[in-house]
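1. Here you go, sequence then predicted model.
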2 protein chains.
Amino acid sequence: MKPDFTKGLLPAVVIEEGTKDVLMLAYMNEEAYEKTVETKMTWFYSRSRRSLWNKGETSGHIQRVKSLYLDCDQDSIMVVVQQAGVACHTGEKSCFYNKVL
Amino acid sequence: MKPDFTKGLLPAVVIEEGTKDVLMLAYMNEEAYEKTVETKMTWFYSRSRRSLWNKGETSGHIQRVKSLYLDCDQDSIMVVVQQAGVACHTGEKSCFYNKVL
């Protein structure tokens, strides 16, 4: 089973193995997805930079892929990872640190 | 703090309170977001039907919003819910039941 990239970039939710904390959400194109599956490290597509990026390549905060799931429509991806350091560029463990409710 | 809807529709990850299971991913526009915050039930924007929908309105599988977070860029939303019944229209608890890795 493969993601349906005819729909364009697909959102990938990254959660931490064990704690199940939601760490971040980023986008994958087909190349990023295939590199993620092959290398067992997370790769994403940056919409602002219009290029692939390998999470942790500069920060060292790599994500080792432990498992990966697609949703019922094959247009959303869930990646379960072991996170080195923190996921967010702000220094927070998770990007979802802004509590509204 | 508000989501940045100048970026268009924003992905909303829905997780279950307690188990922290990722139940589904859907999209919100500003109206869906405001209805979600106001009613404490989840509302989304359907890209295929081009209209708002209230999760559980027809199935009864409603989601009561317990908390809500924005990510560091305010362009992704995480909603923590109490799920009535199952989240997925297939009858699975979570939409992320297709294990690839």
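-> Received the coordinates, thanks. Numbers count the residues shown, from 1 in each chain, chains lettered A, B, ... in the order given.

2. All the strands of chain A, residue numbers only.
-> A:10-16, A:22-28, A:43-46, A:51-54, A:63-70, A:77-83, A:98-99 (DSSP state E).

3. Please produce a markdown table containing those strands, extended by mean neighbour count, distance to chain B and mean pLDDT.
-> In short, each C-beta sits where N, CA and C put it, glycine included. Converted to a markdown table, these look like this (neighbours: other C-beta atoms under 10 Å in any protein chain shown; distance: least, C-beta to the nearest C-beta, whole Å; pLDDT from 0 to 100):
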| stretch | mean neighbour count | distance to chain B | mean pLDDT |
| --- | --- | --- | --- |
| strand A:10-16 | 23 | 4 | 98 |
| strand A:22-28 | 23 | 4 | 98 |
| strand A:43-46 | 20 | 12 | 98 |
| strand A:51-54 | 14 | 15 | 97 |
| strand A:63-70 | 19 | 4 | 98 |
| strand A:77-83 | 22 | 5 | 98 |
| strand A:98-99 | 14 | 4 | 98 |
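
4. Now do the same contact list for residue A:16.
-> Taking C-beta atoms under 8 Å, 6 or more residues apart in numbering or on different chains, we find residue A:16 in contact with A:23, A:80-83, A:87.

5. 7 Å instead?
-> Listed by C-beta atoms under 7 Å, 6 or more residues apart in numbering or on different chains, the contact set of residue A:16 reads A:23, A:81, A:83.

6. Which residues does it form beta bridges with?
-> residue A:81 (DSSP bridges).

7. what's the distance between it and residue A:65?
-> 12 Å (C-beta to C-beta, to the nearest Å).

8. next one: residue A:7
-> From residue A:7 over to residue A:65 (counting by C-beta to C-beta), the distance is 22 Å.

9. same thing with residue A:35?
-> 11 Å.

10. Equivalent analysis for residue A:27, please.
-> Distance from residue A:27 to residue A:65, by C-beta to C-beta: 16 Å.

11. do the same with residue A:59
-> Applying C-beta to C-beta to residue A:59 and residue A:65 gives a distance of 17 Å.

12. my guess is residue A:82 meets residue A:66, correct?
-> Yes: counting by C-beta atoms under 7 Å, residue A:82 does reach residue A:66; the two are 6.1 Å apart.

13. shared neighbours of those two, anything?
-> Any residue near both residue A:82 and residue A:66 by C-beta under 7 Å, 6+ apart counts here, and that gives residue A:17.

14. Name the residues that touch stretch A:29-38?
-> With C-beta under 7 Å, 6+ apart as the test, stretch A:29-38 has contacts from A:3, A:5, A:9, A:28, A:42-45, A:52, A:65, A:68, B:101.

15. Let's see that with 10 Å instead.
-> Contact with stretch A:29-38 is made by A:2-3, A:5-6, A:8-10, A:12, A:26, A:28, A:41-47, A:51-55, A:63, A:65, A:68, A:70, A:77, A:79, A:81, B:100-101, as judged by C-beta atoms under 10 Å, 6 or more residues apart in numbering or on different chains.

16. Export only the CA atoms of it, formatted as PDB.
-> Provided in PDB are the C-alpha atoms of stretch A:29-38 (Å, rounded to 0.1, in the frame of the first residue of the first chain):
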ATOM      1  CA  ASN A  29       6.100  14.400  -1.300                       C
ATOM      2  CA  GLU A  30       6.700  11.000  -2.900                       C
ATOM      3  CA  GLU A  31      10.500  11.400  -2.800                       C
ATOM      4  CA  ALA A  32      10.500  12.300   0.900                       C
ATOM      5  CA  TYR A  33       8.200   9.400   1.600                       C
ATOM      6  CA  GLU A  34      10.400   6.900  -0.300                       C
ATOM      7  CA  LYS A  35      13.600   8.200   1.400                       C
ATOM      8  CA  THR A  36      11.900   7.900   4.800                       C
ATOM      9  CA  VAL A  37      10.900   4.300   4.100                       C
ATOM     10  CA  GLU A  38      14.400   3.400   2.700                       C
END
